[in-house]
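> sharing a model that was predicted from the sequence below.
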Amino acid sequence: MMGISATCSVRSDKKELPVLAKKRTPMEKGDYKWRTSQCTAYIQWMDNKLVHVLTTAFDPEDHGEVRRMQRSGTAATVQCPLAVSEYTKKMGGVDRFDHKRGS
């Protein structure tokens, strides 16, 4: 590799993803599953709905936390894969860039 790492969200209907992406097993909020192939990890995490992430930057076994609003209006901390929490932190910059590029 060239020393370049990446993390991205991906749609579950892509045929190149592992079989795990197509299985619909019941998961509770905060649960996640993962598979690796060579240096790439596919992570499936349950938030309000399933989140699908591909990463070459993070170990899928490493944990992080994100804050989520509950229906009652209170904030709760939910455990998630580190790849998801770091992707969420950095995604705001990409959104701002896309907005400015479109202007």
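Nice, I can see it.

> in this structure residue 80 contacts residue 60, no?
No. The pair residue 80 / residue 60 is not scored as a contact, 11.3 Å apart, by C-beta atoms under 8 Å. The way it works is simple: take the backbone N, C-alpha and C, and place the C-beta from them, glycine included.

> starting at the chain centroid, how far to the strand or helix carrying residue 53?
Assigned by DSSP states H and E, residue 53 belongs to strand 50-55. With C-alpha atoms, centre = their mean, to the nearest Å as the basis, strand 50-55 stands 4 Å off its chain's centre.

> average model confidence for that strand?
Mean pLDDT, strand 50-55: 91.

> ok, that strand: who's next to it in the sheet?
strand 7-9 (antiparallel), strand 40-46 (antiparallel) (DSSP bridges).

> most tightly packed of these?
strand 40-46 (a mean of 20; mean count of other C-beta atoms under 10 Å).

> can I get the CA coordinates of the host helix or strand of residue 34 in PDB?
Using DSSP H and E, residue 34 maps to strand 32-37. In PDB, the C-alpha atoms belonging to strand 32-37 read as follows (Å, rounded to 0.1, in the frame of the first residue of the first chain):
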ATOM      1  CA  TYR A  32     -22.200  -4.400  15.300                       C
ATOM      2  CA  LYS A  33     -20.600  -7.100  13.100                       C
ATOM      3  CA  TRP A  34     -17.600  -7.000  10.800                       C
ATOM      4  CA  ARG A  35     -15.600  -8.900   8.300                       C
ATOM      5  CA  THR A  36     -12.100  -8.300   6.800                       C
ATOM      6  CA  SER A  37     -10.500  -9.000   3.500                       C
END
